[in-house]
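[1] Predicted model follows, preceded by the sequence.
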Amino acid sequence: MPVVLDTHAWLWWASADKRLSRRAASSIRKAQAQGDLWVSMISVWELAKKIEKGQLTLDRRLDDWLDVALTLDGLHLAELTRPVLMESCALPQPFHGDPADQIIVATARTFTATLVTRDDRLRGYEHVRTLW
């Protein structure tokens with residue numbers, strides 16, 4: 001089954017951060033081995049915005065970090081396709097107004113994937129399969 005990583009899950013997995021839960025790490029390893037692990041292009045934008053705003057600091061320049069984090073074995077970059085963008089605007093309500101979360105959830109729904117996220121708002125959204 002495909003797995004889509006929320007932005008923080010991707011960051012923590014790529015950085016070997018201990019905040020990633022064991023269950024999430026196990027699911028990621030399985031999807032990685034199957035070549036069915038995904039991160040949305042919007043997550044690249046989200047990281048760049050967090051750095052721009054001073055909310056996140058990486059151990060190297062963002063471009064250099066991305067060169068590594070986007071080429072990890074088994075990981076694919078999910079583009080912002082027309083079906084994903086249309087789905088993000090048609091999510092069953094109620095859904096909060098964060099456009100990045102809308103696109104990440106729409107990506108998971110479009111791929112019929114499990115979304116790996118620690119975000120309680122997304123984990124409580126009944127219209128997408130999540131795990132943490």
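    Perfect, I can see it now.
[2] Leaving out sequence neighbours, find the closest residue to Q32.
    Leaving aside its sequence neighbours, Q32 sits nearest to G74 (CB to CB, 6 or more residues apart in numbering; 3.5 Å). For every residue, glycine as well, the C-beta is placed using N, CA and C.
[3] What is the neighbour count of the one you found?
    Using other CB atoms under 10 Å, G74 has 16 other residues around it.
[4] and it, what does it touch?
    A31, Q32, A33, Q34, G35, D36, L37 (CB atoms under 8 Å, 6 or more residues apart in numbering).
[5] out of those residues, which are inside strands?
    Of these, the ones assigned to strands by DSSP state E are L37.
[6] Now do the helices in the chain.
    7-14, 22-33, 41-52, 62-69, 82-88, 99-110, 120-123 (DSSP state H).
[7] So which elements touch the first one?
    With contacts taken as 3 or more CB pairs under 8 Å, 6 or more residues apart in numbering; DSSP states H and E, helix 7-14 sits against helix 22-33, helix 41-52, helix 62-69.
[8] how distant is that helix from the center of its chain?
    7 Å (CA atoms, centre = their mean, to the nearest Å).
[9] now the angle between helix 22-33 and that helix, please.
    80 degrees (axes from the mean of the first three to the mean of the last three CA atoms, to 10 degrees).
[10] what's helix 7-14 in contact with?
    5, 17, 19-20, 24-25, 28, 39, 42-43, 46-47, 65, 68-69, 72, 100, 104, 116-119.
[11] With respect to L131, which of the helices of the chain lies nearest?
    L131 lies closest to helix 22-33 among the helices of the chain, at 5.8 Å (CB to CB).
[12] Please save the CA atoms from the closest one in PDB.
    Coordinates of each C-alpha in helix 22-33 appear next as PDB, following Å, rounded to 0.1, in the frame of the first residue of the first chain:
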ATOM      1  CA  ARG A  22       8.300   3.400  15.700                       C
ATOM      2  CA  ARG A  23       5.000   2.600  14.000                       C
ATOM      3  CA  ALA A  24       5.600   5.400  11.400                       C
ATOM      4  CA  ALA A  25       9.200   4.300  10.900                       C
ATOM      5  CA  SER A  26       8.100   0.700  10.300                       C
ATOM      6  CA  SER A  27       5.500   1.800   7.800                       C
ATOM      7  CA  ILE A  28       8.000   4.000   6.000                       C
ATOM      8  CA  ARG A  29      10.500   1.200   5.700                       C
ATOM      9  CA  LYS A  30       7.900  -1.200   4.300                       C
ATOM     10  CA  ALA A  31       6.700   1.400   1.700                       C
ATOM     11  CA  GLN A  32      10.300   2.200   0.900                       C
ATOM     12  CA  ALA A  33      11.200  -1.400   0.200                       C
END
